[in-house]
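Asker: Fold the following, please.
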Amino acid sequence: MAKRVVPDAARKRRRPTRQGQVLTHELIVETALRMLREHGAAGLTARRLGLALGADASAIYRYFRGMDDLTLAIADELFAHALADWRPIGHWRADLRALGLSVHAAYLAHPQAAVLTASRVAGRPHEVTVDETILAILRTAGFPGPDAVRIYHAFIDQSLAFAVLDAASLALPTATRQADEQVWQATYARLPARTHPHIAATAGLLVAHMNDSAYPTALDMLLDSAAAQLAGLRDGSGSPRG
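Answerer: Numbers count the residues shown, from 1 in each chain. Now for the predicted structure:
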């Protein structure tokens with residue numbers, strides 16, 4: 001049975017922790033993000049979180065129904081970071097591109113949290129705000145409802161998929177990540193043209209680019225497709241579906 005979360009007013013009457021801090025929802029999430037960064041998902045437990053906060057583990061359950069509830073709050077916090085770093089300029093393509101890059105960057109700033117949360121649907125205020133913002137940009141630009149939803153779906157899934165892929169690499173031990181990165185130079189760049197002509201012909205480019213994230217390129221390709229569709233709708237060569 002889920003634990004009952006204590007209302008805000010009751011929480012505020014709590015005494016400070018042993019570290020002199022008054023527990024808040026925000027402080028617990030911030031501390032959990034730090035613990036994930038330092039110890040990974042396996043290191044985030046109610047007991048360890050309580051110790052980090054200078055409080056009993058049971059205090060966590062005054063704010064969250066359980067560790068999964070905390071996980072969803074962490075997911076929402078990453079969207080909050082993305083929104084804080086995003087500034088719209090009023091052009092749909094530029095605004096979507098900037099928002100996608102901001103979401104991606106917010107997740108990469110907390111790679112362990114990204115791997116833990118990117119596949120979850122939190123349904124919480126900042127996540128909902130991001131979704132509303134994307135759909136508003138698309139519908140205001142002139143995309144009919146079905147197209148707006150289709151592009152939104154591809155846009156947010158692409159952002160989170162690349163965030164997880166890139167965050168998983170950052171979450172690896174440094175030596176492991178560096179060894180993986182060296183494979184392009186140590187193996188691919190040395191394959192002979194006789195057996196692998198196309199890899200050999202592009203080896204320099206592969207070495208130069210394959211350790212970088214492909215997200216900006218993939219994002220531009222998605223937005224190129226959306227822009228072409230919108231142009232077709234405006235000049236009559238496309239057929240609105242909404």
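
Asker: which stretch of helix or strand covers the spatially most central residue of the chain?
Answerer: What sits nearest the mean C-alpha location of the chain, by C-alpha atoms, centre = their mean, is Tyr107, with 3.8 Å. Element membership for Tyr107 (DSSP states H and E) is helix 92-108.

Asker: what helices or strands is that helix leaning on?
Answerer: helix 67-84, helix 111-117, helix 125-141, helix 145-170, helix 215-235 (3 or more C-beta pairs under 8 Å, 6 or more residues apart in numbering; DSSP states H and E). Where C-beta positions appear, they are placed from N, C-alpha and C, glycine not excepted.

Asker: Of those, which is nearest Gly90?
Answerer: helix 125-141 (9.7 Å; C-beta to C-beta).

Asker: what's the following helix or strand after the lowest-mean-pLDDT helix or strand in the chain?
Answerer: Confidence across the helices and strands of the chain bottoms out at helix 8-11, with a mean of 51, counting by mean pLDDT, DSSP states H and E. Downstream of helix 8-11, the first helix or strand assigned by DSSP H and E is helix 25-39.

Asker: and the helix or strand just after that next one, what does it pack onto?
Answerer: Remark: after helix 25-39, the chain's next helix or strand is helix 46-53, criterion DSSP H and E. Applying 3+ C-beta pairs under 8 Å, 6+ apart, one finds that helix 46-53 contacts helix 25-39.

Asker: Contacts for the helix it packs on, please.
Answerer: For helix 25-39, the surrounding residues in contact (C-beta atoms under 8 Å, 6 or more residues apart in numbering) are 21, 43-44, 48-49, 52-53, 60, 63-64, 70, 73-74, 77, 110-113, 116.

Asker: any weak-confidence spans in this protein?
Answerer: 1-20, 237-242 (pLDDT under 70).

Asker: how about 80 then?
Answerer: 1-21, 236-242 (pLDDT under 80).

Asker: Kindly format the C-alpha coordinates of the helix holding Tyr107 as CSV.
Answerer: Taking Å, rounded to 0.1, in the frame of the first residue of the first chain, the C-alpha atoms of helix 92-108 are listed here in CSV:
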residue,chain,number,x,y,z
TRP,A,92,8.9,27.9,-34.7
ARG,A,93,11.9,26.1,-36.1
ALA,A,94,14.5,28.0,-34.1
ASP,A,95,12.4,27.7,-30.9
LEU,A,96,12.0,23.9,-31.4
ARG,A,97,15.6,23.4,-32.2
ALA,A,98,16.7,25.4,-29.1
LEU,A,99,14.2,23.5,-26.9
GLY,A,100,15.4,20.1,-28.1
LEU,A,101,19.0,21.0,-27.5
SER,A,102,18.1,22.3,-24.1
VAL,A,103,16.3,19.1,-23.1
HIS,A,104,19.2,17.1,-24.4
ALA,A,105,21.7,19.2,-22.5
ALA,A,106,19.7,19.0,-19.3
TYR,A,107,19.8,15.3,-19.4
LEU,A,108,23.5,15.1,-20.2
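
Asker: which non-adjacent residue is nearest Met210?
Answerer: Nearest residue to Met210 in three dimensions, chain neighbours excluded: Trp184, at 5.1 Å (C-beta to C-beta, 6 or more residues apart in numbering).

Asker: Look up how far Val207 lies from the one you found.
Answerer: 5 Å (C-beta to C-beta, to the nearest Å).

Asker: do the same with Ala214
Answerer: Distance from Ala214 to Val207, by C-beta to C-beta: 15 Å.

Asker: okay, these two: which has more neighbours?
Answerer: Set Ala214 next to Val207 and count neighbours by other C-beta atoms under 10 Å: Val207 wins out with 16 against 13.

Asker: Pull the distance from the strand or helix carrying that one to the chain's centre.
Answerer: Here Val207 sits within helix 203-209, counting by DSSP H and E. Put simply, helix 203-209 sits 27 Å off its chain's centre (C-alpha atoms, centre = their mean, to the nearest Å).
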